[in-house]
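1. output the structure for:
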Amino acid sequence: MAWREASIMSERYEFVRLAAAEGANIAVLCRRFGISRAKGYKWLARFANEGRTGLENRSRRPNSSPARTSAMTEQAVLEVRAAHPM
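-> Model (predicted):
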């Protein structure tokens, strides 16, 4: 018997498809797919709002970095480094 190859997207879509079935038990499906119920409900909500594209991985990068060094200070540091290489 050959191994079944599955991508992350196909697994997530399979989860959503099974969860949409009449009488589906989300907790059982989450255990079957090895995910938390919170993640399962997150995928269901994203699929309802965005369709299949909602199941894609998303960047974890923050939208802003309030503690980031200013561009002027960063440029000054780079100039000092260039003037005094190790």
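2. ok, and what's touching stretch 79-86?
-> Residues outside stretch 79-86 that contact it (Cβ atoms under 8 Å, 6 or more residues apart in numbering): none are found. In short, each C-beta sits where N, CA and C put it, glycine included.
3. any low-confidence regions in the protein?
-> For the chain, the stretches flagged by pLDDT under 70 are 1-5.
4. please redo it, this time with the cut-off set to 90
-> Along the chain, the model assigns pLDDT under 90 to residues 1-8, 61-68, 85-86.
5. and the helices in it, which stretches?
-> 8-19, 26-33, 37-50, 71-83 (DSSP state H).
6. reformat the ones you listed as CSV; add distance to Arg58 and mean neighbour count.
-> Putting the helices of the chain into CSV (distance: least, Cβ to Cβ, whole Å; neighbours: other Cβ atoms under 10 Å) gives the following:
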stretch, distance to Arg58, mean neighbour count
helix 8-19, 12, 16
helix 26-33, 19, 14
helix 37-50, 9, 14
helix 71-83, 27, 9
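7. quick one: closest of these to Asn57.
-> Asn57 lies closest to helix 8-19 among the helices of the chain, at 7.3 Å (Cβ to Cβ).
8. name the nearest residue to Tyr41, ignoring sequence neighbours.
-> Using Cβ to Cβ, 6 or more residues apart in numbering and skipping residues adjacent in sequence, the residue nearest Tyr41 is Ile26, 7.1 Å away.
9. thinking again about what came up before, let's have the helices of the chain in a markdown table, adding distance to Arg61.
-> Shown next, in a markdown table, are the helices of the chain (distance: least, Cβ to Cβ, whole Å):
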| stretch | distance to Arg61 |
| --- | --- |
| helix 8-19 | 19 |
| helix 26-33 | 26 |
| helix 37-50 | 18 |
| helix 71-83 | 18 |
